[in-house]
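S.K.: Need a 3D model of the following:
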Amino acid sequence: MIKLAGDKVIITVAQTGAYPTKSMNPNLPEQPEEIAESAYACHQKGDSICHIHARDKEGKITGSQEVFQEIHDRIHSKCDIIVQDSTGGGPNLTLEQRFECLNAKPEMASLNMGTMIRVSGQHAGLPFLNIRKDIETYIAKMNELGIRPEMEVYNHAMFREVNNLIQKDLVKKPYYINLVLGAMHQGAVDATSEYLYSMIDFLPEDSIFNVTAIGIAQLPLTTMGMILGGCIRVGMEDNIYYRRGELVKNNAQLVARAVRIARELNKEPATPAEARKILGLKST
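M.R.: Coordinates of the predicted model:
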C-alpha cells in the first residue's frame, strides 16, 4: 500500500449517483448543467476528482455517450478537475449501456470488482453483474482509450478480481482502489472502523486507497481514511444529509467540511494537477 505524502489528500465528489432523487433531496444535481455547476463549486472548495452518473431529461439513469460528453464539455469549460465516469450505471442499464460512457473518454472511470445481489429497496433480488469476463472487457476498453480505472471493492472477496487484473498485467501502478463500505442494499460490508482496517490489510502492494462510506458513516470513516494515509470520497451519491435531519444544500458543502477537517489534520487537498501526478494520469 502506498500512503499519500503526509500533507496531501485527494478528494473525490460523487455528484449524483444512481439512487438518490430530487424527491429525496431537491438540491441533487441531475441534468448536465446542474452537474457542471456543482463540479465547479466543489472544485472551488478543494476537490480534484468529479465522479459522474448521468440522467436523461426525465431524471432516469442513462449511459448515453452524448449526455456524458455534454457533462464533460460543460465541466471542462469551467475548470480542470479530473472527470471520472461511473460504469456502474443503474439497474435499468444493460452491460453495453454501462460501457457506453467510456466512449466520451473520461480521464478515469469506475470499475466494479465483483457481482452483487441487491438485497433491499425496490430492486431487491436483482443481480448487479460484474463477472470476470466483463471486468476484463471493461479494462481492455479503458486501456485502449487511456482511461485510468478506479477499482471498486465492496467486500473482501472482490480482492480476488483485483489480484487477477494485477497478475495479468491489465492495470498499471499505482493501483487505485476505492473501498466502499455501508452500501447495504448491494451487499457491501458494514461501514465500521473494523471493516475498514481489515480491507486495508488486503490491499496489494503499490496501491492507493480511497474511502467511500454511505450515509451517516461518511463523515467518521472519511476522516479515518485521511488519518490512515488514504484518499476520500464525499458527495450526495452517498449521503444526502449534512447532519441528522438536515439535508445537504449542495455537494460543495460536503467538500468544504472535508477540507476543513483535512486542514485540522495538517493536510492540504491535492489540486487536480497534483492528483494527476500522484495517480499517474496524463497532464492536461
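S.K.: average pLDDT for stretch 261-276?
M.R.: Mean per-residue pLDDT for stretch 261-276: 97.
S.K.: Distance from it to the middle of the chain?
M.R.: The chain centroid and the centroid of stretch 261-276 are separated by 17 Å, computed with CA atoms, centre = their mean, to the nearest Å.
S.K.: go on, stretch 105-116?
M.R.: From the chain centre to the centre of stretch 105-116 is a distance of 9 Å (CA atoms, centre = their mean).
S.K.: For it, measure first residue to last.
M.R.: 27 Å (CA to CA, to the nearest Å).
S.K.: Stretch 84-104 now?
M.R.: Stretch 84-104: ends 11 Å apart by CA to CA.
S.K.: Give me the mean pLDDT for that stretch.
M.R.: The model assigns stretch 84-104 a mean pLDDT of 92.
S.K.: And that stretch, what's buried?
M.R.: Neighbour counts over stretch 84-104 (16 or more other CB atoms under 10 Å) mark 84-90, 93, 97-102, 104 as buried. (Glycine included, C-beta is placed from N, CA and C.)
S.K.: Residues in contact with that stretch: which ones?
M.R.: 12, 18-19, 49-54, 60-65, 68-69, 72, 106-112, 118, 123, 126, 128-129, 134, 137-138, 141-142, 145, 147, 150, 152 (CB atoms under 8 Å, 6 or more residues apart in numbering).
S.K.: before we move on, back to that, of all the buried residues of stretch 84-104, which comes closest to Thr222?
M.R.: The closest of those to Thr222 turns out to be Gln84 (CB to CB; 16.8 Å).
S.K.: Any figure for the gap between that closest one and Glu237?
M.R.: 12 Å (CB to CB, to the nearest Å).
S.K.: do Ala262 as well
M.R.: Counting by CB to CB, the gap from Ala262 to Glu237 is 20 Å.
S.K.: Ok, Thr115 next?
M.R.: Counting by CB to CB - Thr115 and Glu237 are separated by 21 Å.
S.K.: Would you agree Val153 is in contact with Val162?
M.R.: Yes: here Val153 reaches Val162: they are 6.6 Å apart, a contact under CB atoms under 8 Å.
S.K.: So which of those two has more stuff around it?
M.R.: Neighbour tally, Val153 and Val162, criterion other CB atoms under 10 Å: the higher count belongs to Val153, 26 against 23.
S.K.: how about the residue positioned nearest the centre of the chain, phi and psi?
M.R.: Nearest to the mean C-alpha position of the chain, counting by CA atoms, centre = their mean, stands His51 at 5.2 Å. Torsion angles at His51 (phi, psi; degrees, to the nearest 10) stand at phi -90, psi 130.
S.K.: and if you look at the one 10 residues further on?
M.R.: With angles defined as degrees, to the nearest 10, Ile61 shows backbone torsions of phi -60, psi 140.
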